[in-house]
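Trainee: I'd like to go over a predicted model; first the sequence, then the structure.
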Amino acid sequence: MNNTATTVTVETTVKAPVDKVWQYWTTPVHIMQWNNASEDWHTPSATNDLRSGGSFTCRMEAKDGSFGFDFGGTYDEVVPNKRIAYAMGDGRRVTVDFTDNGNETKVSETFDAETENPVDMQRAGWQAILDNFKRYTELN
């Protein structure tokens, strides 16, 4: 990857305390419930070794079985209830910040865009997953 990567930030405010938001973001049983950008996709499996040097993987698939891929990475930094930073399998970097505002938590996710798809499409996809996370966390 070149060093002129475009970084993209998506964010939302979840109406839940930071400890719940952190748990739902990092626990595989919850990840499998929210980690999709649209109703025709799902995450049938997820693993998470949440520590610096640990890794995670999520299997993302179209519900009709037409397409699927593994999304994963290795953690560079884990600060409980505050920050997660990791490198994806292709070397791109992602940082997720959790800002505690009492009964609300701001989740801000910044990632290096890849070069095969338009940045606006990537932003929309990552935002859709983040919005799904917000809905799931607030309803459960």
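Mentor: Yes, it's here.

Trainee: Could you say which helix or strand holds the closest residue in space to Val94 that isn't next to it in sequence?
Mentor: By the measure of C-beta to C-beta, 6 or more residues apart in numbering, the closest residue to Val94 outside its immediate chain neighbours is Phe111, 4.5 Å from it. Yep, even glycine has a C-beta here, placed from its N, CA and C like the rest. Using DSSP states H and E, Phe111 sits in strand 104-112.

Trainee: What separation do you get for Asn140 and Asp40?
Mentor: According to C-beta to C-beta, to the nearest Å, Asn140 and Asp40 sit 21 Å apart.

Trainee: Phe69 now?
Mentor: Per C-beta to C-beta, Phe69 is found 15 Å from Asp40.

Trainee: Mind listing the residues bridging to the residue nearest to Val94?
Mentor: Beta bridges link Phe111 to Val8, Val94 when assigned by DSSP bridges.
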